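Undergrad: this is the structure alone, sequence omitted:
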């Protein structure tokens, strides 16, 4: 994997996140925290989980640190969640900007919270974050669509089309 490739995937990741957050800005607080059948309980829980994975993997890959899970209660509104997400996006971008192709293809070793030793190619961890976000954004999109606020298409190919048009 090359640094330019992972940078493009993260541009997509944050583009897709923004589409979800924009749609979420059109619902009320009751809908934001309304119970659903999805694994993280509600839209807020799903979005916090996506952010938590981005933060957790960045800390692990950059500093070798396991960080405590984010709590839904720490995000009483979408505005608070969006502000924290913007901070994380800046931190992730700084981390990604410092990576080289060689570093992306290196092996990282860590111990998970259950004490199990693991190793991964670094870019695999970074790709997991984007892929994980795709799964949970689809759940968030389904919830938002149920509230009458579809985020529209969040496919990578749609991002590429828009991205390439902007560069033309």
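TA: Right, received. Where do you want to start? Keep in mind it's a predicted model, so treat the numbers as computed, not measured.
Undergrad: can you point me to the longest helix in the protein?
TA: Among the elements of type helix in the chain, defined by DSSP state H, the one spanning the most residues is helix 122-146.
Undergrad: quick one: contacts of that one?
TA: Surrounding helix 122-146, the residues in contact under the criterion C-beta atoms under 8 Å, 6 or more residues apart in numbering are 1, 6, 9-10, 12-13, 16-17, 20, 23-24, 27, 36, 38-40, 42-43, 46-47, 49-50, 53-54, 57-58, 60-61, 96, 99, 103-108, 150-151, 154. (C-beta placed from N, C-alpha, C; glycine too.)
Undergrad: ok, stretch 66-74 next?
TA: Taking contacts as C-beta under 8 Å, 6+ apart, the residues outside stretch 66-74 that touch it are 41, 44-45, 48, 51-52, 55-56, 59-60, 80, 110, 112-113.
Undergrad: which member of those residues is positioned nearest residue 160?
TA: Of all these, the one sitting nearest residue 160 is residue 51; the distance, using C-beta to C-beta, is 24.2 Å.
Undergrad: next secondary structure element downstream of the helix or strand encompassing that closest one?
TA: Counting by DSSP states H and E, the secondary-structure element that holds residue 51 is helix 43-63. Sequence-wise, the next helix or strand downstream of helix 43-63 (DSSP H and E) is helix 78-97.
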